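**Student:** sequence-free structure coming up:
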C-alpha cells in the first residue's frame, strides 16, 4: 500500500533516532527551578506570587490573562526566591519565577496515582475550562495555548476532524515516540477528551512509518474506539507541520494566511493529548514533560520526564555525563527548526522537546558559494515558494516583492537551506524578509 | 560556561550534496559516453577530451587569478564539465588549436565575462561549440569514421557525414527520406554509437546510462531530458506521419546527432535552465520543438545545440512568469 504524505516539497534528513529505545526515566526533582512567564505563544502570564511565598507542586503561580496566554503552575514545592530576568532559549533575558525546592509536596487536588481513568465526566465547556485552568499548551514546539483551539469558533466555522500529530518528523527527537509506547491508554483517553471538547466525531492519529512499534500499539488499542483511526505516513520532513499534516491525512489545503479550523480541523500534538488527559482526568497542571537528550557527542542518550523550569544541565547529570569536549553546538528542539543555545543553564519549558549535542562537523556551516541555479530549493519548499528569489530580494530589502512572492507563508522549516548545494543562507535571509513583511502587514492594518 | 559553542539559526543540519559533488557527479555520468567514444574513435578522442578539460580549467584559473583577481574556484569541477562537454561536441579529429579557441569562447566569453559559475546566461560549452562551428565550419563538420567502419571500408575511407548530414543533403537533392534510410547505419548502430558524429554524442546507450546515474544521485530530475526528447519525437512524428517519404521517423531523430547528449547533459545544465519543474517542462518542450524545426526546415542538419542556446535566452522570462504552485494559494473552501 502506498503510504500517505504531502505532495509539494520536503526532504529526507538522516533520522538519527538514537534514543528511540530508551525508556522514559523520571528526573530527580531539581534543587531550583526557573519558570519563565512566557513559555507559550501570546502574552506572558502575570505572576501571582511574590518573593518569599511558599508554593506547592501544582500551585498556580502566574495567570494567563490575555485571550492568547496560558496559566503557569509551580513544578516543585518550596519558596519563591525571586522574580527576575533569566536567560532563556531565545537568547534574551525574560521574566521568570525562581523557586528553591523544599521537599515535594503536591497540591491536594491533584490525583498523583497511576490509576487509569477512562470515563469522561466533564461537559465540553468544562473540559475547555479545565484545559485553560491547567495551563495546557501545544507540546509540539510552538506552545500555542491549547484551550483556544477548542473554543467555539467565530463566524460559524465548524470543525469535523481532530488531527493528532504523532509524526515527530524532526531527526533525533524521540519524546513523542516514547510516550506513545508508554502512555498509549492515557493518550487515547486524551484523544477522546479532545474529540468531546471540540465536538467532532472523527479523530486521526498520524504517525510516520519509522515508528512501527508505536503504530502497532496505538492501532491495536484505538480500533475499539469509535471515530478514531491511526494512519501510517511516509517518512518525510516537515510532515509534522500542521498544514502539511492536514494535507497528507485529509488532502485538505489550508489557504494562505488561514488556520486549520478553516478546513474543519483541530490539530494537536500527541504530547498535548497526554497533557490534556492528565489535566482533565487527574486535575494535574502542565508542570512536567518528556524531553529527549541526545546527539552524536554523547555515548548515552535518554528520554526524561522533567519538571518545567529545571535547567537543561540536569538532563546531562541524569545521563551521568559532563558536557562532552566534542560538543560544538547545543540545539534546543530538533535539528531542523530548533534553536542553538550557548549554555545548559537555560530552563526547560512547556515547549522543550529535546536537547541535541552535536560536534564540530555537524555544527559548522559550509562555505557559501555562488547560487548555481540548481532549483533544488524550489523543489523542496513545502509551501511552493522560490527560496533563491526570496533570498536575493530580502538581501536587497525589496520587501514589497518578498510579500508578493509569499515570504509570509514561509514556516521556516529549513528545507531550502538544508538542501542548497552552495550552502547559501537562504532561510536566514527569508526570515529577515518575512519579519519585515509581517511588520509591514501589521502597520498596514493599524496605521 | 567556558566552552565556546556555535550559535546559529536553524536549520542545524545540512544535506550532503554540494557543488563539488554535483559537478564531479556529472563528470562521472559522462564517463560511459567517454568510454564509448574511445571505443569507437580510439586514442584521438581521449586526447581531444583531455585538451578540452585542461584548457578550460587552466583558462578559468588564469582569468580568476590574474584578470578578475578573485578567489580561484577553477577546480570545483564546473570548468572541467565545460571542457568535457565542449570536447564531446566536436569531431575527434578537430585541430587542437581550434579546440583551444573554442575553450576561450566557452570559459572566457560565455562564463567568466558574465561573472563565473552561476551567472552565465548561456551554456558555456554550447557557446564554445557555436563559436567553433561559425569559425571553422569545415573542420567542425568533417567526421572521422568509427574505427570499426574503417576496418570494414578500408583505410582510405577516413571521413564521412553524420546520419543527419546524409539526410539533410539527400533531402536537399530531392532523394526521398525512405531511400536515404537504406544508406544509414542501423538503428542498433546508432543506439550503441557505431556512427559518425561528435565525440560524446554518438552512443545513445552510454548517455542514457549516465543520465540514469544522474537521476539516481538526485543531481537532475527527469523533467528536462524526458520532455525534451518527447517533444522532439512528437514534433518530428507529426511531419513523418504527414509525409513519410520526405521526413525521417521520430526514433531516428532521437537517436541521431546531439539530441541525447543535449537532452541529458546540456539542457539540464543547472545554471542555464529554469528553476521550477513547471518552468523546466516549458523550457524542454520548446527546446525539443526548436530542435526538430531546425533539423527539418533549417539550413543546418543539426539543431540541438542552437535549440538549447535559444531556450537559454528565455530562461529569465520563464522564471519570471512560470511559478511553482504555491501551497494554499489557489484553494477556496468557503
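**Tutor:** Done, it's in. All values reported here derive from a predicted model rather than from experimental measurement. Numbers count the residues shown, from 1 in each chain, chains lettered A, B, ... in the order given.
**Student:** for chain B, what is the nearest residue in chain A?
**Tutor:** Closest approach between chain A and chain B, counting by Cβ to the nearest Cβ: residue A:414, at 3.1 Å. (Each C-beta comes from the backbone N, C-alpha and C, glycine too.)
**Student:** what is the neighbour count of that residue?
**Tutor:** 27 (other Cβ atoms under 10 Å in any protein chain shown).
**Student:** same deal with residue A:65?
**Tutor:** If we define neighbours as other Cβ under 10 Å, then residue A:65 has 11 of them.
**Student:** now do residue A:190
**Tutor:** 25.
**Student:** same question, residue A:154
**Tutor:** By other Cβ under 10 Å, neighbour count at residue A:154 equals 7.
**Student:** residue A:255 too?
**Tutor:** 17.
**Student:** re earlier: report pLDDT for the residue of chain A closest to chain B.
**Tutor:** The model reports residue A:414 with a pLDDT of 95.
**Student:** same thing with residue B:331?
**Tutor:** So residue B:331 comes in at 68 (pLDDT).
**Student:** could I get the phi/psi values of the spatially closest residue to residue A:136 that is not a sequence neighbour?
**Tutor:** Excluding its sequence neighbours, the residue lying closest to residue A:136 (Cβ to Cβ, 6 or more residues apart in numbering or on different chains) is residue A:146, at 4.3 Å. Per-residue torsions, residue A:146: phi -70, psi -30 (degrees, to the nearest 10).
**Student:** surely residue A:146 and residue A:138 touch.
**Tutor:** Yes. If you go by Cβ atoms under 8 Å, residue A:146 and residue A:138 touch, sitting 6.0 Å apart.
**Student:** ok, the two, which is more surrounded?
**Tutor:** residue A:146 (29 against 25).
**Student:** for that one, give its distance to residue A:309.
**Tutor:** 19 Å (Cβ to Cβ, to the nearest Å).
**Student:** what does residue A:184 give?
**Tutor:** Taking Cβ to Cβ, one finds residue A:184 at 28 Å from residue A:309.
**Student:** who has more neighbours, those two?
**Tutor:** Taking other Cβ under 10 Å, residue A:184 and residue A:309 do not tie; residue A:309 has more neighbours (27 against 19).
**Student:** for the closest residue to the more buried one other than its chain neighbours, what are its contacts?
**Tutor:** Leaving aside its sequence neighbours, residue A:309 sits nearest to residue A:33 (Cβ to Cβ, 6+ apart; 3.2 Å). Residue A:33 is in contact with A:74-76, A:98-99, A:101, A:307-310, A:347, counting by Cβ atoms under 8 Å, 6 or more residues apart in numbering or on different chains.
**Student:** which SS class is residue A:33?
**Tutor:** strand (DSSP: H, G, I helix; E, B strand; the rest coil).
**Student:** so it bridges to which residues?
**Tutor:** On the basis of DSSP bridges, residue A:33 is bridged to residue A:99.
**Student:** next: residue A:339.
**Tutor:** The partner residues for residue A:339, given DSSP bridges, come to residue A:332.
**Student:** chain A contacts on the stretch 51-200 of chain B?
**Tutor:** B:73, B:76, B:78, B:116-119 (Cβ under 8 Å from any Cβ of the partner chain).
**Student:** just the buried ones out of those, please.
**Tutor:** B:73, B:76, B:78, B:116-118 (16 or more other Cβ atoms under 10 Å in any protein chain shown).
**Student:** which of those residues sits closest to chain A?
**Tutor:** Closest to chain A, out of all of those and judged by Cβ to the nearest Cβ, is residue B:118, at 3.7 Å.
**Student:** surely the closest one and residue A:388 touch.
**Tutor:** No. With contacts counted by Cβ under 8 Å, residue B:118 stays clear of residue A:388, the gap being 10.4 Å.
**Student:** hey, what's in contact with both of those two?
**Tutor:** Joint contacts of residue B:118 and residue A:388 (Cβ under 8 Å, 6+ apart) are A:371, A:373.
**Student:** which of the residues of the stretch 51-200 of chain B next to chain A lies closest to residue A:289?
**Tutor:** Checking these against residue A:289 with Cβ to Cβ, the nearest one is residue B:118 at 45.7 Å.
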